[in-house]
Every structure is written in C-alpha cells, then in structure tokens.
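Enquirer: dropping the sequence and predicted coords here.
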Amino acid sequence: MRLLREAAVIAGKDLRIEARSRVTTNQVLPFGGLVIVLFAMALDADRPTLTRVAPGLFWVTILLAASLAAARSAAVEIENGAADGLRMSSLDGASIFLGKAAAVAVQLVGLELVLGVAVVALYDVEVRSSPVMIVGALCATVGLAAAGTLFAALASGLRARETVLPLLLLPVLAPVLLGGTRAWEAGFEGTPSDGWPWVQLLALFGLVYGSLGVLAYGSLLEES
Amino acid sequence: MTTSVSPVRGSRDASARSGLLASRRFVSVLGWSCLVSMALLVWLGLSVAPTDAVQKDAQRLMYVHVPAAWLAYLAFGVTAACSALYLWPRTRSLHYDRLAGASAEIGVLFTALTLALGSIWGRPVWGTWWTWDARLVTTAILFFLYLGYLALRRVPDDPQVRARRSAIAALVAVVDVPIVHFSVSWWRTLHQEGTVFGEDRDAQLDATMAWILLWAVVTFTLVYLFLVLRRYDLAGIEEAADERQLERAIVERRSEAASSVVAAPEPVSVAVGAAPGSAP
Amino acid sequence: MTDAAYVIGGWGLTAGAIGVYALLLQRRLRRAVRSLPPEERPPWA
C-alpha cells in the first residue's frame, strides 16, 4: 500500500504542475483539435468518408497527443534538476512510474473526452453503444500512459529526444491504435459485441506495459 | 601518454575494450566461405533448382526472401539476448551492448531487404507490390521498431548509460512483437476474407527445393556471423578512438593551463565536450 | 516485365545490399583504426 500512497503523491505533484503550467490544456489539447480539423480538410470534408474513418482519425490524434503528453511528463523532471530530487527522495522507482503514468492517464482521459465529443460533432457520427467505447478508451489510456511514460523516460535527457521519442513510441503503440479503432467502430456503427475482444487486447497491452514500466523505471532513474 | 586521466566516462583499458570476439584468421576464413557459399547459392537457386509448377521462375525469389526474413529474426533475437545479458548484473559488460547494437543494425538491414524482396516477389505472383497482410504489416512495424532502437543508440551519451537505455528499449521492443503480430493478424482475419496468398504456399516443397532453401539459410547465417563480427569490432574500435581523442584533448588542455600562469587551472570536466548536454 | 527480370532484380538487390554494407563496414573500420595510435591498433589492422 505504501507503493500506491507514494504513487498518489507523485501523481498529485505532476497534476499540480499541470494545473499551474497548463501545458496540456493550452497546447496539447488545441493541437489535438487542430489535427482533427486538418484531417477533415485532407479528406475534403466528405461526410460519408469522414464518418467511416472517424474512429481511426480519433485514435491517431490521441496517439500523437499521448506522445506529446508523455514527453512533457518527462521534461518536467529535467527542468531545474528535479530528477535529482526524485532520486534522493528514497521513493521506489515503481511508485514513481505508477504516479507519473497515472498523471498522464488522467490528462489523456480529459483529452479523449473533449476530442471525442469534437469528433462526434464534426465528423457526424452516431454513437450506438457507449459502454464498449468507454471501457475501450479507458483500457487504451492505461496502455498509452504506461508505454508513453516508460519511453519518455528512456529518451529523456538525450540531445535528440523530441525526434527520437515519437520514432520509438509510435510503432510500439500500433496495437493500441488497432484495438482502440476497432472498439470504437463497434460502438459507432457496428455491433458492440465485435468490440469487446479488442477491449481485452487493450487491457492486455496496458497490463504488459504497466508491468514493464514497474520493473524497468527504477533503473532508468538511477543512471547518469 | 598519461594513463592516469583515463577514468573519464568510466572507461576501462582501451585495448580491453576493443577486445575481439574472434581471431583475425577466423574472420577472414568466414568471409571467404561466405563468398564461396553465396556463389554456390546463386548457381543452385538460379539454375539447379527446378522451376515451380505454379509460380514458374518467380518462385526462385524464395531462396533469398525466406533466409533474409530468418536472418532478421535471428538478429533481433541476438539483440534481445545480449540486452538481457547486459541488464543482468552478473554478466553486465559493454561487449554485450556492442553486440546487441551490431546485431540490431544487421537485423534492420535484413528486415528492409525482406520487405523489398517480398514486394518484388509479390508483384509478379499476386499482381501487387504490397498487400495489408498480417505478416507484411508485422514486418513493417518490426522495421520501424528497430529503426527507433538504432536512433536511440546513435545519440551520443555515456557508454554505460546508453547501454542501459538501449537494452531496456530492446527488451520492450521484443515484448511488443508478439502483441503487434497478434493484433494485426486478428485485424486482417476479421476484416478480410482470406489472405491474398493461401496457406498452401509452403505446403509442399520439392525435396531439391527444400535442400537448396536449407543451403540458403546456412549461407545467410554465415553472412550474418561475418557481418556481426565486423560490426562489433568496429563499435569497439570507434569507442576506443573516441576515448583517445578525449584523452588527447584533456592532455592538451592541461598543458595549456600549466603554461599560462595567469589562468587558474580549469576543472577537467569542462573540457569534456563529448559528454552530452544532458548531464543533470 | 518477365518473371526473370524480377528474379534477377531480387537476387541482385540482395547481393548489392550485403556487398555495399560489407564494404561500408570495411571502410569505416579502416578509418577508425587509422585514428588510433599504432601501438593501440588491434593486431589484425
């Protein structure tokens, strides 16, 4: 239980930083909205096409936003040598990872909520079954936050981190894109029962990357 | 040369670092046997092998496509094993890190080759350069995964730090491969009625074809061994050369500081320009 | 194009990729070795 308590402290710290700096709300969220508008422009605002590919476009947007949010979460620790503070705090690597991932996840849920509403409104889709979409999105968020936090820590402190991180992270997230898209397609147009296997895949992904992060994050902190 | 300055960047003795896995003799014998074996393979694959009843001559691409794919998986397997050995405290050594990097580079080369050869084979047989088949998509993702790994390796950093990061990235990538494959094949089977190439493709291989394919796999494995040993040597020598340069710079800097009476001797670490700007 | 052209292209690409990579390695090796002082060069250089 100490693990969770420590994780909550870290998550609270990151969320407080976000509440004061407002990078996610003022930069990542508008970026996501912009991507959604740009997709519509690229596809010529052709309603039937947009409606059909809406789930895929939504999840591509979330993937891009997640990579930004993860990068931000790691950048917070570099400024002012905050990482040294973390290292000396005697907090366990696993709980730091869980806390940081949880903070990213909370921000991602907010992004998904706003951008999801935007997609439904702008791309003219009809929501048939929301449970499969909501559970799917939550499972996907866990995976995105876990993998994002782990890879952002891997790339943090590197000279070329802004460019290395997406190249490292996005191929790893390919299953999340597939699973999230299929689950949302099932919720929008298809039969909801088709979506549940994909939700399970998303949950598995979140579990795998959550465990990897818990195991590996500590050794990334102690370096240099 | 003073040796007392070498502990910069946690270095060991330079000659031990460029330590060779194999003797020079072995490598050159290996190189020549690669050439002979490849020449033999060209003859076997292009002239001895019987022409396929269905695909005609196009099937001869199998003798390079399949072993290239095998090599890619072998190389990434070696990268994963070496990364695990590096992370394991008892076997931690930069030799494993270098071997992992060398193997991944060759793996990426052969993954690209596999994709290109698949395309070239697909065009006459299926009538298309690319199809969103599960195996193809997985291979493409694999290619990008390890391209990212190589990009991570190429960023200059302290060797031990870089080795740890790379090892973790390699292990995470390996864990991802089955998930990607599983999700992609699920995607294709749910959304597409059967794949372009039926599973009967490799159902019956003529005995001669099977032997030649085996020969091709052996040849490519030899080529892998040769390339990976050379690449590993190169990594060791380049690291040693980097370190030499650094030491020379430090010695120069020190003599400058000693000759100028006015300037107070600067701390050595300032001269270490090669350290990343990241140091917290 | 005939099948033979694809086959030759594929085999040529394979040989070319391996050959070019091996040559590039060789060149980088030689250059790296030259940047080391003679007494530190590996015995085979």
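Expert: Yep, that arrived.

Enquirer: what does chain C have sitting close to chain B?
Expert: Where chain C comes near chain B, counting by Cβ under 8 Å from any Cβ of the partner chain, the residues are C:1-4, C:6-7, C:9-11, C:13-15, C:17-18, C:21-22, C:25-26, C:28-29, C:32-33, C:35-37, C:40, C:42-44. Quick note: C-beta positions are derived from backbone N, CA and C, even for glycine.

Enquirer: following the helix or strand bottoming out on mean pLDDT in chain A, which helix or strand comes up?
Expert: Confidence across the helices and strands of chain A bottoms out at helix A:82-88, with a mean of 76, counting by mean pLDDT, DSSP states H and E. Tracing the chain past helix A:82-88, the next element assigned as helix or strand by DSSP states H and E is helix A:93-122.

Enquirer: that following helix packs against which elements?
Expert: On a contact count with 3 or more Cβ pairs under 8 Å, 6 or more residues apart in numbering or on different chains; DSSP states H and E, helix A:93-122 meets helix A:2-21, helix A:29-42, helix A:47-78, helix A:130-155, helix A:196-221.

Enquirer: redo those as TSV? Include mean pLDDT, mean neighbour count and distance to B:Trp70.
Expert: Below are the helices and strands packed on helix A:93-122 laid out as TSV (pLDDT from 0 to 100; neighbours: other Cβ atoms under 10 Å in any protein chain shown; distance: least, Cβ to Cβ, whole Å):
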stretch	mean pLDDT	mean neighbour count	distance to B:Trp70
helix A:2-21	87	15	43
helix A:29-42	91	16	40
helix A:47-78	89	21	32
helix A:130-155	92	25	29
helix A:196-221	89	20	26
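
Enquirer: nearest to B:Arg254, out of those?
Expert: helix A:47-78 (31.6 Å; Cβ to Cβ).

Enquirer: circling back to that earlier point, just the buried subset of the residues of chain C next to chain B, written out for PyMOL, thanks.
Expert: Here the buried members of the residues of chain C next to chain B are turned into a PyMOL selection, burial being counted by 16 or more other Cβ atoms under 10 Å in any protein chain shown:
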select buried, chain C and resi 3+6+7+9+10+11+13+14+17+18+21+22+25+29+32+33+36+40+42
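
Enquirer: show me which of the residues of chain C next to chain B neighbour chain A.
Expert: With Cβ under 8 Å from any Cβ as the criterion, no member of the residues of chain C next to chain B is in contact with chain A.

Enquirer: what's the first helix or strand after the host helix or strand of B:Thr79?
Expert: Assignment of secondary structure by DSSP H and E places B:Thr79 within helix B:62-87. On the C-terminal side of helix B:62-87, the closest following helix or strand by DSSP H and E is helix B:94-126.

Enquirer: for the residue lying closest to B:Leu99 once chain neighbours are set aside, give me its contacts.
Expert: On the basis of Cβ to Cβ, 6 or more residues apart in numbering or on different chains, the spatially nearest residue to B:Leu99 that is not a chain neighbour turns out to be B:Cys82, at 4.7 Å. With contact set as Cβ atoms under 8 Å, 6 or more residues apart in numbering or on different chains, B:Cys82 has these partners: B:96-97, B:99-100, B:103.

Enquirer: among those, which one sits closest to B:Leu115?
Expert: Among those, B:Ser103 lies closest to B:Leu115 (Cβ to Cβ), at 18.6 Å.

Enquirer: now that closest one: how far from chain A?
Expert: B:Ser103 sits 18 Å away from chain A, taking Cβ to the nearest Cβ, to the nearest Å as the criterion.

Enquirer: cool, B:Ala240 as well?
Expert: According to Cβ to the nearest Cβ, B:Ala240 stands 22 Å off from chain A.

Enquirer: just the pLDDT at the residue positioned nearest the centre of chain C, thanks.
Expert: With distances taken as Cα atoms, centre = their mean, the residue of chain C nearest its centroid is C:Ala22 (1.7 Å). C:Ala22 carries a pLDDT value of 93.
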